[in-house]
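1. Coordinates for the following, if possible.
(2 chains)
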Amino acid sequence: MVSIDLLVSLVPLFPLLGFLIVALNVRKLSHGVVSLIACGVILLSFFASVYLFILLLNLPEESRSIFVTLFDWIKTDTFSASFSFLVDPLSSLMLLIITGVGFLIHVYSIGYMHDDEAFNRFFSYLNLFVFFMLLLVMGSNYLLMFVGWEGVGLCSYLLIGFWFKNKDYTSAANKAFIMNRIGDLGLILGVILIFVLFGTIQYTEVFAKASSFSAGSEIITLITVLLFVGAMGKSAQIPLYTWLPDAMAGPTPVSALIHAATMVTAGIYMVARNNILYALSPVALELILIVGLTTALFAATIAVTQNDIKKVLAYSTVSQLGLMFVALGVGAFTSGIFHMATHAFFKALLFLGAGSVIHALSGEQDIRHMGGLRKYLPITFVTFLIGTLAISGIPPFAGFFSKDEILAHAFANNQIAWGIALLASLLTSFYMFRLFFLTFSGPVRASEEVMDHIHESPKSITIPLMVLAVLSVVGGFMGVPEVLGGSNWLGEFLAPVFAQSKPLIEMHHLDHGTEYTLMAVVVVLTIVMISAAYFIYVKQNKQPLKEGTALGPAHNLVYHKYYIDELYNALFFKPLFWISKQFETIIERMGIDKIVNLSGSAVVEGSKATRWLQTGNIGFYIFAMVVSIVVILIAAMM
Amino acid sequence: MKTAQGIPLDYYIWLSAALFTIGILGVLYRKNAIVIFMCIELMLNAVNVLLVAFSNYYNDASGQVFVFFIMAVAAAEVAVGLAILIMTYRNTKTTDIEVLNKLKW
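-> Alright, predicted model coming up:
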């Protein structure tokens, strides 16, 4: 019988070991050995997570949390932080997603990256990422979470800029890193404030002390808003979202693992983890709701006009993350986590499917050069269809249950919010089916040269696709709502985590009739949107316009992503560069350089005057020495 | 009367002062590097005499321990210094410090 302590620490230890082995022998190991090690450690980690999960299920509901302290990390009179892990229903669920989906993506990468020269380096980064992600969700205090938080940011940077010979890719990596840093500043300030206010950074202690604050307390609001700024950066919400679409520069498995399934959901996890603090601050929840709604709708409209298969998925991810924040904003923490889990399945599936298409088309990413791939890539076609149905929210696929839950909570809370969220989700089904039809049906638009090489992807790619497709079908059943005869198992499982905040949040309950109506409305409208996409892109066989075609003003605005990048450029980068230029010419060239050169020339000039003292005559030196000693002696005696 | 080993303390001080002065004068006036070297040793030993005398007078052994250190350091210094002088002599055929004035700016 393995002790629990060991088992818990093994979960993050395996990926770390994998990283060390691969990274230290990056030039020596063969690709086969590296794939075996890198995937093996994640699989072991997954087994440990499953074991922990079963262990939690067997515990009585109130005591479902395992706390493991490895060692005292920092210890002073006023501040202490231990290196300790907390495994409760929330982090246990995250562990399963990270290691489970992570393992599938590792296997996928073997096939996807097989002819890349930096194959070993890629896997070492992936393992390191999984390690930091596990640290983020398992840490039992804010500091440890922060270490993981920064670590995944680093790995994200390394993997976006993985093909660093391309200058655009490295600047995309820089953009992601710098933008995240802006968010992280908020997070750091939030954590510092928590320490100042509560005198501790241990989750359990903070949450216990938080209950003595009354709802609407200003300092709590400040803390939660600052923490949310961190979440905005990591989870790509307005105004810090522009890095995520650019992050598609990385290899596709990276987009699936980091920029869809795990890292970008860290913000959701963090807000859900601090649910008690957020419950105490209606203002912060309001802010989350507004930001989530705007992002969901905004990103969805951009996705409709994009032509790069990965960019569409990226904007879709931003939009879906917005939807999760909507759930958190109305206080439905469980629904947010539920959607995060199902989203991890189907968005990973969609990205991997897109990767399979890109792989088959020798690196082509533009949907204007795809089309008619159904008969060439049958497995990718079927799995991609499942993913598309899941994200659109067609019952009984995973996305239906989670999205329906969010929409129901939004409706109960605020009908305007429901309207906007519904619009975003309808746009989602439209652009996803647009993408789907343009890729897989209609005439083949790829060049003959590309079509000569077309082939269904190898097993290491198709098997993860199939597993994820199955998960996208059945994943929703972990949270079947009561109204459909389910028991909302996930809600009950997560209940202990949110127990403290529950009494603080006013939950409006809908009667069953309203819920049925809402569901029916959503599903019917979704089908209408899919039919519209079918009609436009299959029946009418409308093609996206070629680059450089004149567009209407509204279309042009959306096609260029509302010129947000250009706006940031004009608003921040240009003034910043201008200021730097001024600093360079005035302070650097005319100030600091002058002072430095002056001190240098002062030494040279000064030494000219005293240089004659060094005559080379030893007798003179001794004489000077004796005289000086005598002078010093006399001075000392006086 | 202050004494050490039956001899008045003043005598030690005068002896030491005389030795030290001879050393200084030798260092200042002589031109032969070896002689200067010997004068330096003389100055060191003048101090040693004083240390031993006061050590005995105060009944404190640490002064004598100090002397052993000085002797050890002086021996090491002589070894290095003489080696340098020998090499200098081999190369320049002189130990006159008036001639050895090449090391300057």
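2. Write out the residues of chain B neighbouring chain A.
-> B:24, B:27-28, B:31, B:33, B:36, B:97-98, B:100-105 (C-beta under 8 Å from any C-beta of the partner chain). All C-beta atoms are positioned from the backbone trio N, CA, C, and that covers glycine.
3. Assign the residue in chain A positioned nearest to chain B to helix, strand or coil.
-> In chain A, the residue that lies nearest chain B is residue A:616 (3.3 Å; C-beta to the nearest C-beta). Remark: residue A:616 carries the secondary structure label coil [criterion: DSSP: H, G, I helix; E, B strand; the rest coil].
4. re the thing from before, for PyMOL, write a command that selects the buried ones of the residues of chain B next to chain A.
-> Entered in PyMOL, the line below selects the buried ones among the residues of chain B next to chain A, by 16 or more other C-beta atoms under 10 Å in any protein chain shown:
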select buried, chain B and resi 24+27+33+36+97+100
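5. Listing partners with orientation, what would you give for the lowest-mean-pLDDT helix or strand in chain B?
-> Least confident helix or strand, chain B: strand B:3-4 with a mean of 80, by mean pLDDT, DSSP states H and E. Strand pairing for strand B:3-4, using DSSP bridges, gives strand B:7-8 (antiparallel).
6. what does the partner strand rub up against?
-> B:1-2 (C-beta atoms under 8 Å, 6 or more residues apart in numbering or on different chains).
7. outside of stretch A:44-52, which residues touch it?
-> By C-beta under 8 Å, 6+ apart, stretch A:44-52 touches A:7-8, A:10-12, A:14-15, A:66, A:87, A:92, A:95-96, A:99-100, A:102-103, A:130, A:134.
8. Now which of those residues would you call buried?
-> A:7-8, A:10-12, A:14-15, A:66, A:87, A:92, A:95-96, A:99-100, A:102-103, A:130, A:134.
9. In helices, which of the residues you listed appear?
-> A:7-8, A:10-12, A:14-15, A:92, A:95-96, A:99-100, A:102-103, A:130, A:134 (DSSP state H).
10. center of chain B, which residue is that?
-> With distances taken as C-alpha atoms, centre = their mean, residue B:41 lies nearest the centre of chain B, 2.4 Å away.
11. List the buried residues of the host helix or strand of that one.
-> Secondary structure from DSSP states H and E places residue B:41 in helix B:33-58. If you call a residue buried by 16+ other C-beta under 10 Å, then helix B:33-58 has these buried ones: B:33, B:36-37, B:39-40, B:42-56.
12. Who are the packing partners of that helix?
-> The contact analysis (3 or more C-beta pairs under 8 Å, 6 or more residues apart in numbering or on different chains; DSSP states H and E) places helix B:33-58 against strand B:3-4, helix B:9-29, helix B:62-92.
13. To residue A:500, which of those lies closest?
-> Closest to residue A:500 of those, according to C-beta to C-beta: helix B:62-92, at 71.1 Å.
14. Show me how far the longest helix along chain A is from its chain's centre.
-> Ordering each helix of chain A by length in residues (DSSP H) puts helix A:167-198 first. Centroid separation between helix A:167-198 and its chain, computed with C-alpha atoms, centre = their mean, to the nearest Å, is 12 Å.
15. Quick check: which helices or strands does the following helix or strand past that helix pack against?
-> Sequence-wise, the next helix or strand downstream of helix A:167-198 (DSSP H and E) is helix A:203-210. In terms of contacts (3+ C-beta pairs under 8 Å, 6+ apart), helix A:203-210 is packed against helix A:167-198, helix A:275-279.
16. Please tabulate the ones you listed in a markdown table and include mean neighbour count, distance to residue A:509 and mean pLDDT as additional columns.
-> Shown next, in a markdown table, are the helices and strands packed on helix A:203-210 (neighbours: other C-beta atoms under 10 Å in any protein chain shown; distance: least, C-beta to C-beta, whole Å; pLDDT from 0 to 100):
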| stretch | mean neighbour count | distance to residue A:509 | mean pLDDT |
| --- | --- | --- | --- |
| helix A:167-198 | 18 | 32 | 91 |
| helix A:275-279 | 24 | 18 | 88 |
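17. partners of the longest strand seen in chain A in the sheet?
-> When chain A is parsed with DSSP state E, its longest strand is strand A:66-75. Applying DSSP bridges to the sheet, strand A:66-75 is found paired with strand A:80-87 (antiparallel).
18. Can you give the contact residues for the partner strand?
-> Under C-beta under 8 Å, 6+ apart, the answer for strand A:80-87 is A:8-9, A:12, A:52, A:56, A:65-75, A:95, A:138-141, A:143-144, A:200-204.
19. Only the buried subset of those, as a ChimeraX command please.
-> A single ChimeraX command is used to select the members of these judged buried by 16+ other C-beta under 10 Å:
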select /A:8,9,12,52,56,65,66,67,68,95,138,139,140,141,143,144,200,201,202,203
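20. Now the residue positioned nearest the centre of chain A: closest residue in space, sequence neighbours ignored.
-> The centroid of chain A falls nearest to residue A:264 when counting by C-alpha atoms, centre = their mean (1.7 Å). Nearest residue to residue A:264 in three dimensions, chain neighbours excluded: residue A:235, at 5.2 Å (C-beta to C-beta, 6 or more residues apart in numbering or on different chains).
21. what about that neighbour, how many neighbours?
-> 30 (other C-beta atoms under 10 Å in any protein chain shown).
22. I'd say it and residue A:269 touch.
-> No: Residue A:235 is not in contact with residue A:269 according to C-beta atoms under 8 Å; the separation is 9.3 Å.
23. circling back: for the residue nearest to the centre of chain A, which three-state class applies?
-> Classified using three-state DSSP, residue A:264 is helix.
24. contacting residues around it?
-> A:234-236, A:244, A:258, A:317, A:321.
25. Any part of the helix or strand that contains residue A:593 near chain B?
-> Using DSSP H and E, residue A:593 maps to helix A:593-610. No: legend: contact between helix A:593-610 and chain B by C-beta under 8 Å from any C-beta is lacking; minimum distance shown is 8.7 Å.
26. Name the residues that touch that helix?
-> Contacts of helix A:593-610 (C-beta under 8 Å, 6+ apart): none.
27. Just the pLDDT at the closest residue in space to residue A:258 that isn't next to it in sequence, thanks.
-> With C-beta to C-beta, 6+ apart as the criterion, residue A:258 has its nearest non-adjacent residue at 5.3 Å, and that residue is residue A:156. Looking at residue A:156, its pLDDT stands at 92.
28. got the angle for the helix holding residue B:41 vs helix B:9-29?
-> 160 degrees (axes from the mean of the first three to the mean of the last three C-alpha atoms, to 10 degrees).
29. ok and helix B:33-58 relative to helix B:62-92, angle-wise?
-> 180 degrees.
30. could you list every residue that touches residue B:66?
-> Neighbours of residue B:66 in contact, by C-beta under 8 Å, 6+ apart: B:51, B:55.
31. Chain A versus that one, what's the distance?
-> 20 Å (C-beta to the nearest C-beta, to the nearest Å).
32. Show the end-to-end separation of stretch A:264-279, please.
-> 22 Å (C-alpha to C-alpha, to the nearest Å).
33. that's a helix at residue A:215, yeah?
-> No: going by three-state DSSP, the assignment for residue A:215 is coil, not a helix.
34. shouldn't it be in contact with residue A:504?
-> Yes: Residue A:215 is within contact range of residue A:504, at 6.0 Å (criterion: C-beta under 8 Å).
35. So for these two, which sits in the more crowded spot?
-> residue A:504 (16 against 11).
36. Now do the buried residues in stretch A:50-58.
-> A:52-53, A:55-56.
37. repeat for stretch A:278-289
-> A:278-282, A:284-285, A:287-289.
38. can you name the two of the residues you listed that are farthest apart?
-> A:280 and A:289 (15.9 Å).
39. so what's residue A:204 up against?
-> So residue A:204 contacts A:67, A:86, A:140 (C-beta under 8 Å, 6+ apart).
40. between these, which is nearest residue A:342?
-> Closest to residue A:342, out of all of the contacts of residue A:204 and judged by C-beta to C-beta, is residue A:86, at 24.2 Å.
41. ok, what's across the strand from that closest one?
-> residue A:67.
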